[in-house]
Structure formats: C-alpha cells, structure tokens
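In: A predicted structure for the sequence below; I have some questions about it.
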Amino acid sequence: MRICIYPGTFDPITNGHLDIITRAVGLFDKVIIAVAEDNYKKVLFSDEERLEMIREVTADFDNVAVDSFSGLLMDYCREKDAVAVIRGLRAVSDFEYEMQLALMNKKINPEVETVFLMTGQQNSFISSSIIKDVASLGGCIDGLVPPAVEKHILAKYEKKHQ
C-alpha cells in the first residue's frame, strides 16, 4: 500500500489544501493529512478544532485519514509506513524553502520521497494567513475555504469582537 503524508498547520484548511488533497488521493492508496502539533505559528484554532474541520471537509474521501503528530515528520512517516510526503506549491517563492525541507527530510529518512503538487491557478493566491487577516477585518472569504470552515472562522472572529 502506497501511503503518503500531507503535513501542515492547516489553520484553517483552505480550498488550496483541498485541491492538493483531491489530486493526492488519485496518486496514493492512502493519504494521511497530518496536523503538526509543533509549530511556531500563532494559530487561531486549537489542534482539535483543526482536526475536526479537516475531518468534516474530507469525509467524502475513502482513502483519507486525519491525524496529528509531534516531533520530526520523518519519524512520523516511518511510524505510518509512508513512502512519500506531499507538499503544495503556490508560487515559485514557495519552492526554495520547500526544496530545503525536502533535502533535509531525505537526509533524515532516505526511504521517503517528497512529491510537490502545484495548486490550481484559482487557488494560487490563497493562504491560511491571508484568509485569517481578511476575515478578522470583516472581509469576504467566500470561495476561499469550504463553507463549513468559513462558518468556523466567522464564529471565531465573532467571539473575538464581542
């Protein structure tokens, strides 16, 4: 069985992420979307909230599992018998950082390949950070995240403004 890991913060999961997931499920027998517990970003949603949203929007995929991990990604890949890591690229500016990560991961675990998937052009400008910034200022995020995720984001900012 060819298992891949799609790691990330997913704070929140976006239509860009879903684009990558949709294509990855056709390439691998199983796709594990893995929420990184160890991250250095200021997150809006707790680990459990992010896991819940991802499960909700990927429920229709038979070969997708949702999990979280801490520590080194390559150790997690070993634990899950993964053959690859999926990384999404939006623009050329993403590539340099992602290439450095891929080379370090290859050094740590030579058994795991990194597969880069370009997001569709319609999602190339989307990032979780930009979506949170727009939503925090009352802007429209319709079409940038799944409707279920949009509800979670709007509810979160509604609470913050009360």
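Out: Done, it's in.
In: low-confidence ranges, this structure, go.
Out: Residues of the chain meeting the criterion pLDDT under 70: 159-162.
In: try it again at 80.
Out: When residues are selected by pLDDT under 80, those of the chain lie in 38-41, 91-94, 120-126, 158-162.
In: which helix in it runs the most residues?
Out: As assigned by DSSP state H, the longest helix anywhere in the chain is helix 92-108.
In: after it, next one along is what?
Out: Counting by DSSP states H and E, the next helix or strand C-terminal to helix 92-108 is strand 113-118.
In: buried residues of the following helix or strand past that following strand, list them for me.
Out: As assigned by DSSP H and E, the chain's next helix or strand after strand 113-118 is helix 128-136. Using 16 or more other CB atoms under 10 Å as the burial criterion, the residues of helix 128-136 that qualify are 128, 131, 132, 135. Every C-beta, even on glycine, is put in place using the N, C-alpha and C of the backbone.
In: what sits closest to the first one if chain neighbours are left out?
Out: The shortest distance from residue 128 to any non-neighbouring residue, by CB to CB, 6 or more residues apart in numbering, is to residue 11 (5.3 Å).
In: number of residues surrounding the one you found?
Out: With neighbours defined by other CB atoms under 10 Å, the count for residue 11 comes to 23.
In: hmm, it is touching residue 51, no?
Out: No - here residue 11 does not reach residue 51: they are 11.3 Å apart, not a contact under CB atoms under 8 Å.
In: re the thing from before, who are the packing partners of the longest helix of the chain?
Out: Secondary-structure packing of helix 92-108 (3 or more CB pairs under 8 Å, 6 or more residues apart in numbering; DSSP states H and E): helix 73-80, strand 84-89, strand 113-118.
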